[in-house]
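Participant: here is my input; please provide its structure:
(chains A and B)
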Amino acid sequence: MSEAKTDLVDVQIDGVWYQFPKGMRMIEACRQAGVEVPHYCYHPKLTSPGNCRMCLVEMGMPPRPAPGAEAPAPDENGHLPISWIPRPVIACANTIGPNMGIRTTGPLTEECRKGVMELLLANHPLDCPICDQAGECSLQEFSVEHGKGESRFREQKVKKPKNVDVGPRVRLDDERCIMCSRCIRFTDEIADDPVLGFTDRGSHTVLTVYPGRELANNYSLNTVDICPVGALTSNDFRFQMRVWFMRETNTIDTNCATGCNITVFARENKIYRITPRQNNDVNSDWMPDSHRLNFHWIESEARLTEPLVKDGDHHRIAGWHEAIATAGDKLSALDGSEIAVIASARMTNEELLMVKRLVKHLKVGHVDTVARVGEADGYLISADRNPNTNGVKLVLGLDDPGSQIEAIKLGIEQGRIKAVIALQENLVDDAGFSAELLGKLDFLLSTYPLANATADASDVVLPGACWAEKSGTMINATGRLQRLNKVVDAPGETLESWEIIRDLVQVTGGGNGIYAVSDLFKQLAAEVSEFKGLTWGQIGDLGLPLIETGVTIPALDREKQRIASGLIVG
Amino acid sequence: MSGISYKSGREPHAKEHRVVFRNVDRKGWDTSIKSYLAEGGYEQWKKALKMPRQAIIDEVKKAGLRGRGGAGFPCGVKWGFIPPNNTKPVYLICNADESEPGTFKDRYILHQDPHQLVEGMAIACFAVGASLSYIYIREEFPEAAKIVEKAIAEAHEKGFLGKNIQGSGFDLEIYVHRGAGAYICGEETGLIESLEGKRPYPRIKPPYFPAAMGLYLCPTIVNNVETLCHVKHILEIGADAWSKTGTPNNTGTRILCVSGDVQKPGYFEVEVGKVTMGEVINDLCGGLKPGRTLKAVIPGGSSAKVLRADEVFTVGRGDDARKLTIWDIPMDFDTLAACGSMAGSGGVIVIDDSRSISWVLNNINNFYAHESCGQCTPCREGSLWMKKITDRVVAGKASPTDIDTLYGVAKNIDGRTICAFGEACSWPTESFVEKFRDELVSDTRPELEGAIVNAETLTAAAGL
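Facilitator: Have a look, this model is predicted:
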């Protein structure tokens, strides 16, 4: 180690020497050495107030020789002896220096942890049986690992406000709060909405919302995620399900082109909760409330669960065989130029490849997807509210998705277009097609998860799986290829779009050898140059950069600045 | 001090050496600038403006002036912490948040000799290059704030503050900032946060030394009122003469505030280390109350560790080692530290045999539980816990085991907090239990061992 690079320093952690960049926080050096330092207030994306004192460790430096005395000699590896300091230091805010020693075990560190745990629990209500955080609570976890197992506290606990509405989506129990201030720092530093703060002092300190204000910003639920205890809970999730019963699936948010990485928590085929999943190239540790909570419709009464075929004024339930055969008959009778396919930029790349196959097979004359444009929020929400516009461009080959919709409307109006295949789009409500216009068609086929006005006007209605019910890949605004993973089974007879389109291709005489979505990914990897050589496994849980778009995510840009200025670890 | 006469009954004791308190209780003296100028006021300020800045800093360093606020840190060294390549504004803050129980010296400077402070501050500001300065006055000193405001206005009017002072090209404004009644605002980084308009949560250190990164993240010097007054006197008589008062490494004079069980409590300016605890109690304060005996002394404000009356202290090392009784302790920084306590803020609290130690400790714990800012876990949760235990000891509802718990809680705070409040609140308990365990235990009842003591558990146990 004598030839160490100048920006690396030797650090001894629990007796083992490592090299880490100078200036790295002690807690991060320990983490990289595989040693977890317990902590509550520290969060790598927020400033470090050092208030919880849970990360106290024993620290040492080379002894400073008295004036005139001989400096200590380094050992054969160039390491100086370490003189341990009797006063513990916080690992979260202190940085490593040359020849530093850190002890995360041993009497001093262990006594500190036991002491802090006992003090944190002194006035805590210990209401774990009815607490939503139970099972994912740092107080519980560190109690088990570092606590004394029993408390000497025999006094009356401090009474504080409970069940406080701090905003429309977040609820506060001040007795559970350990005053780590993560939520306060998040609202101030990340959400630019500093409405939370402490009032009163000492043991009577309470977290509170500024008088006359509420925690209502669109990122408020992130405070629930980072709250290490059960003080802040989500109105949507609280009391719904014990966390240990739920199965976690890593997937991505499909509410906009950012494609926030998420974890979906489900039990028995029902989704209970979505939380952001850390991806420092996409969403950091955060996600907007509006996207997080947009999943309850998946259980809607209006879900389509069976293929339907129009019979006079009504739709009747038909089996897949009949519904596909009906569509096949109608489509085979038409020339490709009389058919329009309106696909969706909410589809996966694999599904879009299948759309491409259908278009080619039927020689379809008109193809487009529906654009969804909103306002970018300057944080994580992209103006493009479709999750896979870049996939539409790359896989389906559309240069300007959404630009042909008006031409298709005109074609229907003029009778040139006689059939429309609407894949996972609601043409009436989302693309401005009137029911009257759709009435002019000879044949309308639509797939969608929910019953809607377009389904009402359709000759064949097919239940298509939603984002949580299928797997595939999407390309986000920055050009990152990310995996969508199936969370729950689709209801009833619902099929994924690629299956539906495959069946349409087959019934109209097109053969293909596709039996699983992975077959489609293999074909993408073979056919689309940007995908060349990629495998499903390579994409991983965090995705990988696929194309250059020049688009950046504002929240990440600011995060990078804060990292560069040393405010946060990142 | 010839020619100065003091108000009847307020005359300084013969063992006092009045420098900073020269004009306190002085006959015919008032707080006006007229009074001050008639006594050579602001002459040192005028002199300082013509000196090289480093020369002033060197003079203060040479004098060995140690901070009078509590920590006793060398003032000149503190000034030297300002980074040499600094390009940001420098601030100087006078800490007039005198709130350590047992300490009441700064209030008399503010009340009776405000111009002395303004002059001292002005010199210090010039030395460190601060053109903007604040006096942070505790909420409980409303009169002092008015008096200092008036003094600043007068100094302004006479051209001792403002733009281009005395044609020197140096600008200086001093503002009074009022606290809102929190002890923690006396902690220098808590004070800075408060001055910035935030909750006075002390900052984590490192990395934030105020001299490098203080107010608005600029270099900031925070000095106590008494310390800043001394700066004027150092300039007036020179570091050599000034440091001849007091004892080596404990130079100058300091004001002792004696309270508690003595005949004549009050403030006394003495040469540091030249009077002993015995002289303070018996001479300056007229002795203990009739028929009482000394039980203990808290020598440096309520957070200082208590000294037991019958303790024998060993100070010095090797050949210099000597044994002292409490009466022999010279009142200086180093000896009190060697005796296991501290000179702190100069607040000497005398406790005689009429006092219940449990009550005294509970009184102190009450204060610190009320004043803990609540930022970091050990002090927030521990200070109230200690108070609740001593509440029960006083009420006769504690068992001997509770005394062990009390000590354990204090040990869990000491050395593990963001600021020195952790020590301030745990040292009294630690030292009282270490030195008066028998008396504390005698106030407990062994039969209460394991008894339910909180109403919640009682209710739950009764199945209600």
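
Participant: residue B:200 looks like it's in a strand, true?
Facilitator: No - the assignment for residue B:200, made by DSSP: H, G, I helix; E, B strand; the rest coil, is coil rather than a strand.

Participant: just the buried positions in the lengthiest helix in chain A, please.
Facilitator: Looking across chain A with DSSP state H, the single longest helix is helix A:107-122. Neighbour-count burial for helix A:107-122, with 16 or more other C-beta atoms under 10 Å in any protein chain shown as criterion, is recorded at A:108-109, A:112-113, A:115-122. Any C-beta I mention is one placed from the backbone N, CA and C, and that applies to glycine too.

Participant: over to stretch A:200-214?
Facilitator: For stretch A:200-214, the neighbour count (16+ other C-beta under 10 Å) marks A:201-209 as buried.

Participant: stretch A:231-242 now?
Facilitator: Neighbour-count burial for stretch A:231-242, with 16+ other C-beta under 10 Å as criterion, is recorded at A:231-234, A:236-237, A:241.

Participant: next: stretch B:196-211.
Facilitator: In stretch B:196-211, counting by 16+ other C-beta under 10 Å, buried: B:199-204, B:208-211.

Participant: how many neighbours does residue A:444 have?
Facilitator: 25 (other C-beta atoms under 10 Å in any protein chain shown).

Participant: now swap in the one 5 residues further on and tell me
Facilitator: As a burial measure, residue A:449 scores 24 neighbours (other C-beta under 10 Å).

Participant: that one reaches residue A:462, doesn't it?
Facilitator: No - applying C-beta atoms under 8 Å as the test, residue A:449 and residue A:462 come out as separate, 10.5 Å apart.

Participant: ok so, going back, give me the subset of the buried residues of stretch A:231-242 that lies in strands.
Facilitator: Secondary structure assignment by DSSP state E places A:232-234 of the buried residues of stretch A:231-242 in strands.

Participant: now do stretch A:101-108, average pLDDT.
Facilitator: Across stretch A:101-108, the average pLDDT comes to 96.

Participant: one more: stretch A:397-416?
Facilitator: Stretch A:397-416 comes out at a mean pLDDT of 96.

Participant: can you give me the strands for the stretch 251-400 of chain B?
Facilitator: Remark: strands assigned in the stretch 251-400 of chain B by DSSP state E, counting those that start in this stretch are B:253-260, B:266-271, B:294-298, B:307-308, B:312-315, B:322-325, B:347-352.

Participant: now distance to residue A:395 and mean neighbour count too, for those strands, in a markdown table please.
Facilitator: Formatted as a markdown table, the strands of the stretch 251-400 of chain B follow (distance: least, C-beta to C-beta, whole Å; neighbours: other C-beta atoms under 10 Å in any protein chain shown):
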| stretch | distance to residue A:395 | mean neighbour count |
| --- | --- | --- |
| strand B:253-260 | 82 | 24 |
| strand B:266-271 | 85 | 22 |
| strand B:294-298 | 79 | 25 |
| strand B:307-308 | 83 | 20 |
| strand B:312-315 | 84 | 15 |
| strand B:322-325 | 89 | 13 |
| strand B:347-352 | 78 | 24 |
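
Participant: turn those strands into a markdown table, columns for distance to chain A.
Facilitator: Output for the strands of the stretch 251-400 of chain B, formatted as a markdown table (distance: least, C-beta to the nearest C-beta, whole Å):
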| stretch | distance to chain A |
| --- | --- |
| strand B:253-260 | 25 |
| strand B:266-271 | 30 |
| strand B:294-298 | 22 |
| strand B:307-308 | 24 |
| strand B:312-315 | 22 |
| strand B:322-325 | 25 |
| strand B:347-352 | 22 |
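
Participant: dump the ones you listed to TSV, plus distance to residue B:102 and mean pLDDT.
Facilitator: Converted to TSV, the strands of the stretch 251-400 of chain B look like this (distance: least, C-beta to C-beta, whole Å; pLDDT from 0 to 100):
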stretch	distance to residue B:102	mean pLDDT
strand B:253-260	5	96
strand B:266-271	11	96
strand B:294-298	7	97
strand B:307-308	14	97
strand B:312-315	20	93
strand B:322-325	22	94
strand B:347-352	3	96
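
Participant: and the least confident of the buried residues of stretch B:196-211?
Facilitator: On pLDDT alone, residue B:208 ranks lowest of the buried residues of stretch B:196-211, at 57.

Participant: what's the distance between whichever residue of the stretch 1-150 of chain A sits closest to chain B and residue A:39?
Facilitator: Nearest residue of the stretch 1-150 of chain A to chain B (C-beta to the nearest C-beta) works out as residue A:115 at 3.5 Å. Per C-beta to C-beta, to the nearest Å, residue A:115 is found 15 Å from residue A:39.

Participant: nearest residue to residue 214 in space, please, no chain neighbours.
Facilitator: Assuming you mean chain A. Distances taken as C-beta to C-beta, 6 or more residues apart in numbering or on different chains put residue A:167 closest to residue A:214, at 4.4 Å, once the chain neighbours are dropped.

Participant: my question was about chain B
Facilitator: Spatial nearest neighbour of residue B:214, excluding adjacent residues (C-beta to C-beta, 6+ apart): residue B:220 at 2.4 Å.
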